[in-house]
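Student: Fold the following.
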Amino acid sequence: MDRISFFRDLAIIIVSAKLIGLLAQKLKAPQVVGEIVAGLIVGPCCFGIVGQSDYLSLIAEIGVVMLMFSAGLETNFRDLMKTGPKALITACVGVFVPLIGGTLLYLTFYGYDGIGTEHFFKALFIGTIMTATSVGITVQTLKELGHLKGEIGTLIMSSAIIDDVLGIVVLTFVIGLRSPGTSAVSVIIKVLLFLLASVGFGFITYHIFKWLDKHHPHQRRVPILSLALCMFFAFAAEKFFGIADITGAYVAGLILCNLKDSDYIARKVDINSYMIFGPVFFASIGLKTTFSGFDRELVLFSAGFVVVALLTKVVGCGLAARLLGEKTRDSLKVGVGMMTRGEVALIVAQKGLSVGMLDAKYFASVIVLIIVSSISVPIILKVLYKGDPMVQ
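Tutor: Below you'll find the model as predicted:
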């Protein structure tokens, strides 16, 4: 693709992603679903107006880094540190069960040829995609039902925060483990070194930004420097520690999430993400998704992928909550509330494609999972909460 054609394709993606994204919102579906569908429509799957290119891939990569930086900024670190053992255990089990379930699903369909093989790592990555939780739909539903600030609503939110952190750790571990000549011990060492470096450098960086925030509140220099920090962490994580760039971006967001102006920084970053980088990233998922190899086996796999992804969250999180003393019905609420998948699942899938651990055809399975979970979770939660008194 030449430089001029790139600008044309960029214009088509931005307009189509926003229009179809708004249509999705009108239909009570997440806007990202519409942006993905836009990529399917203008891409090779339908009209073939826009094709993949290095330019678009680079913008999509920046988009995913900024999305993870925003996710870190929006994390309440104090709440994360105060979260009790109940939420921690719920999140851990809620990550472990889908990881095993997804791995076994892939091996059931495509066979097992031993631990440490390329085939095994692809199976493990399918499980990694299933670990992700996106509770945006759950939050909105609980708000409408008047139960967001209840005990179960708080447990769901706390577990989801920890789930995100654990999911990134699992992603980092799986990608590192797959690299030639690496062992589990070396991957753990790299992760620990990265965490230690992040704590040390993050402590210094936080106090520098805290000083800037105090002396230059609500000034654009702070978000600009914050974005530079995000890009540096993304670079350093992959260059020096072999950690996924999105992990570095997420950690950069965590470092700054307790600044007084963290919301201001997030809003400024989201302007760029909302206008160009985010739509290009989600549309690029559609551009890369292909149905050409969507045979009977892949249809069955996609159905199994959706069922296993939903059930393993209910079983993992719900069972953990039940064993920790919650009533059966409340445990189901926790499990169902953690079923939704969204941006994080797509980000993980995108990373798998870029490092060769996921085939493009499986994007269709992830998209179907997001749509099904986004529609089913609000309906099931309304049934489970029927008759319960509101708490707000």
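
Student: And the residue nearest to M390 when sequence neighbours are not counted, what's its pLDDT?
Tutor: In space, not counting the residues next to it along the chain, M390 is nearest to G146; the distance is 3.2 Å by Cβ to Cβ, 6 or more residues apart in numbering. The way it works is simple: take the backbone N, C-alpha and C, and place the C-beta from them, glycine included. Here the pLDDT value assigned to G146 is 79.

Student: okay, now D295: neighbour count?
Tutor: D295 has 10 neighbouring residues, counting by other Cβ atoms under 10 Å.

Student: What does the pLDDT read for it?
Tutor: Note for D295: predicted pLDDT of 77.

Student: Same question for the one 4 residues further on.
Tutor: With respect to pLDDT, V299 has a value of 89.

Student: how close does it get to V306?
Tutor: Look at V299 and V306: by Cβ to Cβ, to the nearest Å, they are 11 Å apart.

Student: These two: who's more crowded?
Tutor: Between V299 and V306, V306 has the larger neighbour count (other Cβ under 10 Å), namely 20 against 12.

Student: wait, what's in contact with L310?
Tutor: Neighbour list for L310: M339, L369, V372, S373, S376 [criterion: Cβ atoms under 8 Å, 6 or more residues apart in numbering].

Student: and stretch 223-236, how far out from the chain's middle?
Tutor: A distance of 19 Å separates the centroid of the chain from that of stretch 223-236, by Cα atoms, centre = their mean, to the nearest Å.

Student: Just the buried positions in that stretch, please.
Tutor: Taking 16 or more other Cβ atoms under 10 Å as the neighbour-count basis, stretch 223-236 is seen to contain the buried residues P223, L225, S226, L227, L229, C230, M231, F233, A234, A236.

Student: OK, contacts around the first one?
Tutor: What it means is P223. Taking Cβ under 8 Å, 6+ apart as the definition of contact, the neighbours of P223 are Y264, I265, K268, V269.

Student: Then the fourth one?
Tutor: Applying Cβ under 8 Å, 6+ apart, one finds that L227 lies in contact with M66, F69, V269.

Student: Leaving out chain neighbours, which residue sits closest to the first one?
Tutor: Of all residues not flanking M66 in the chain, S273 sits nearest, at 4.7 Å (Cβ to Cβ, 6+ apart).

Student: What are the neighbouring residues in contact with the one you found?
Tutor: Under the contact definition (Cβ under 8 Å, 6+ apart), the residues listed for S273 are G63, M66, L67, S70.

Student: coming back round to it: out of the contacts of P223, which comes closest to I129?
Tutor: Nearest to I129 out of the contacts of P223 is V269 (Cβ to Cβ; 25.3 Å).

Student: Outside of the host helix or strand of that closest one itself, list whatever touches it.
Tutor: V269 is part of helix 262-272, with elements assigned from DSSP states H and E. For helix 262-272, contacts defined as Cβ under 8 Å, 6+ apart pick out 66, 69-70, 73-74, 218, 220, 222-223, 226-227, 230, 256, 259.

Student: again with stretch 274-284
Tutor: Around stretch 274-284, the neighbours that count as contacts under Cβ under 8 Å, 6+ apart are 10, 13-14, 16-18, 21, 32, 35-36, 38-39, 42-43, 52, 56-57, 59-60, 62-64, 66-67, 346, 350.

Student: Have a look at the contacts of helix 262-272 and tell me the least confident one.
Tutor: Least confident by pLDDT among those: that is E74, with 76.

Student: For the closest residue to it other than its chain neighbours, grab the count of nearby residues.
Tutor: Once its chain neighbours are removed from consideration, E74 has its nearest residue in A266; the separation is 6.0 Å (Cβ to Cβ, 6+ apart). Summarising burial for A266: neighbours were counted as other Cβ under 10 Å, giving 22.

Student: Report the contact partners of V15.
Tutor: For V15, counting by Cβ under 8 Å, 6+ apart, there are no contacting residues.

Student: Remind me which helix or strand it belongs to.
Tutor: Counting by DSSP H and E, the secondary-structure element that holds V15 is helix 3-26.
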